[in-house]
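K.L.:
below are the sequence and a predicted model; questions follow.
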Amino acid sequence: MDGAVMEGPLFLQSQRFGTKRWRKTWAVLYPASPHGVARLEFFDHKGSSSGGGRGGSRRLDCKVIRLAECVSVVPVAVESPPEPGAAAFRLDTAQRSHLLAADAPSSAAWVQTLCRNAFPKGSWALAPAENPPKLSALEMLENSLYSPTWEGHVLF
């Protein structure tokens, strides 16, 4: 069984019928291992109830984002955060973008840990700044979708 690198509450923004809504989830980040791929799993955040939670007998809905499909992870500013003091970040895959949020210190830790696990071969660095990082502050070079060593090569 894989050991989680990081876990905790995360807000996930969803959009239904033109209405944007923040939903509280429990997120678990797993690194790549011989037993599985690097991934971010989301579970419905039910709080503590008897028999509930991830370990309960009833299976909760789980959303999985494979980090090999991740293109970028960047902090973003949002007009209406899910709660006061929350900071948002966007995780982009080839298929879609996911807008996530947590309290400011946790949000920064999630971004750094996600980058380390999504881009293990590349070098990335958080630009030194006194203020929160801007969109261009993260530099991510490689993952399975993008590698500078493959630029200009066409595979048929």
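P.N.:
Good, I have the coordinates. Numbering: from 1, shown residues only.

K.L.:
how many neighbours does Thr93 have?
P.N.:
When neighbours are counted by other C-beta atoms under 10 Å, Thr93 registers 17. C-beta: built from backbone N, CA, C; applies to glycine.

K.L.:
what about Leu67, how many residues close to it?
P.N.:
Leu67, neighbours per other C-beta under 10 Å, totals 25.

K.L.:
surely Pro120 touches Ala32?
P.N.:
Yes - counting by C-beta atoms under 8 Å, Pro120 does reach Ala32; the two are 7.3 Å apart.

K.L.:
give the helix, strand or coil label for Gln112.
P.N.:
The three-state assignment at Gln112 reads helix, by DSSP: H, G, I helix; E, B strand; the rest coil.

K.L.:
read off the pLDDT value for it.
P.N.:
In this model, Gln112 is scored at 93, pLDDT.

K.L.:
same question, the one 4 residues further on
P.N.:
The pLDDT attached to Arg116 in the predicted structure is 90.

K.L.:
now swap in Arg58 and tell me
P.N.:
45.

K.L.:
Pro128 too?
P.N.:
On the pLDDT scale, Pro128 gets 45.

K.L.:
who has more neighbours, Pro120 and Ala32?
P.N.:
When neighbours are counted by other C-beta under 10 Å, Pro120 and Ala32 differ, and Ala32 comes out ahead with 16 against 13.

K.L.:
quick check on that one: phi, psi?
P.N.:
The phi/psi pair for Ala32 (degrees, to the nearest 10) reads phi -70, psi 140.

K.L.:
quick check: it touching Phe119?
P.N.:
No - between Ala32 and Phe119 there is no contact under C-beta under 8 Å: 11.7 Å.

K.L.:
shared neighbours of Pro120 and Ala32, anything?
P.N.:
Residues touching both Pro120 and Ala32 by C-beta atoms under 8 Å, 6 or more residues apart in numbering: Ala38.

K.L.:
what residue ranges in this protein score low on pLDDT?
P.N.:
Low-confidence segments of the chain, defined by pLDDT under 70, span residues 1-2, 45-60, 122-156.
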